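# show me how the following folds:
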Amino acid sequence: MNAPHAAHAIPDVQNLADSRQIAINKVGIKSIRHPVKVKDKNGGVQHTVAVFNMYVGLPHNFKGTHMSRFVEILNSDEREISVESFEPMLREMVKRLEAETGHVEMTFPYFINKAAPVSGVQSLMDYEVTFTGEIHEGGRYEFKMKVVVPVTSLCPCSKKISAYGAHNQRSHVTVTATLNDHLWIEEMVQLVESQASCELYGLLKRPDEKYVTERAYDNPKFVEDMVRDVAGLVHAEARIDAYAVESENFESIHNHSAYALIERDKRQG
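Numbers count the residues shown, from 1 in each chain. Coordinates of the predicted model:
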């Protein structure tokens, strides 16, 4: 007995026409984990696991997109994901899915080896990083790098009004930058940490604890100070076209956070 012809047995429903005349801005897959390799500033490669969101724009006349092709692109080879490799991956995705626009987000933990300020003992600090690539209509490519940097902030008001001591907290400073040239993750982290009351370390000995406590006390900053100081350095960086700088201070004397945001597009003057 002859087997049925595969082309007739398994119809491709996604390729059918759609009559509703409504285009879809983004359609694809979300929250898929995949191992990746990320280049670091020292010439090495970090092996990590990233969470991907991958979308394309769907014209009004197509019923659906081919979801499996997104996964095939991730699994096509052992990619070294970097700022440089992101655009080719995105253009391949748009081409294979026969779309005009595409969007890929990749979020992953990134580790930097840091030496404690006095003892010099080394430990790893982790930072949450997101690469976002977008192909706009007409083929224009745009790349954004987002880094969440945990730091220490100390309240100037508390220091001023208290007979001794001052309350401090851990803060998350988030910078989302639209880049026009290569910028290392380490460079962005260092930029943010330089403007904190004090930076954080994975491991501290007693002399280091004394140093970071006194460093923060000598360098108090409101959440407004934090975003302004970081934004000033980000704005001066020629490799950044547009940016958003956020700071969330997890208050130690309140059950809420303090928050500030600065957004600028340098291309608009």
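
# show me where pLDDT drops low in the stretch 1-150 of the chain?
Along the stretch 1-150 of the chain, segments meeting pLDDT under 70 span 1-21, 60-64, 77-80.

# which other helices and strands contact the lengthiest strand in the chain?
What stands out as the longest strand in the chain, according to DSSP state E, is strand 24-39. On a contact count with 3 or more C-beta pairs under 8 Å, 6 or more residues apart in numbering; DSSP states H and E, strand 24-39 meets strand 45-58, helix 67-74, strand 80-81, strand 102-115. All C-beta atoms are positioned from the backbone trio N, CA, C, and that covers glycine.

# nearest to Tyr141, of these?
strand 102-115 (9.6 Å; C-beta to C-beta).

# who's in contact with stretch 37-44?
Outside stretch 37-44, the residues that touch it by C-beta atoms under 8 Å, 6 or more residues apart in numbering are 45-48, 78-82, 108, 110, 184-187.

# what's the farthest-apart pair in these?
Greatest spatial distance among these (C-beta to C-beta): Glu78 and Glu187, at 26.2 Å.

# out of those two, which sits in the more crowded spot?
When Glu78 and Glu187 are compared for neighbours, Glu187 comes out ahead with 13 against 8, by other C-beta atoms under 10 Å.

# element containing the more buried one?
helix 185-193 (DSSP states H and E).

# quick check: buried residues in that helix?
Buried residues in helix 185-193, counted by 16 or more other C-beta atoms under 10 Å: 185, 188-189, 191-193.

# turn the residues you listed into a markdown table, columns for pLDDT and distance to Glu142.
Formatted as a markdown table, those follow (pLDDT from 0 to 100; distance: C-beta to C-beta, whole Å):
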| residue | pLDDT | distance to Glu142 |
| --- | --- | --- |
| Ile185 | 95 | 18 |
| Met188 | 97 | 17 |
| Val189 | 98 | 22 |
| Leu191 | 97 | 21 |
| Val192 | 98 | 22 |
| Glu193 | 97 | 27 |
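
# make a PyMOL selection of whichever of the contacts of stretch 37-44 turn out to be buried.
Buried residues within the contacts of stretch 37-44, by 16+ other C-beta under 10 Å, are selected in PyMOL with:
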select buried, resi 48+79+81+108+110+185
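
# I'd like to know which of the contacts of stretch 37-44 is nearest to Arg206.
Set against Arg206, the nearest of the contacts of stretch 37-44 by C-beta to C-beta is Glu186 (27.9 Å).
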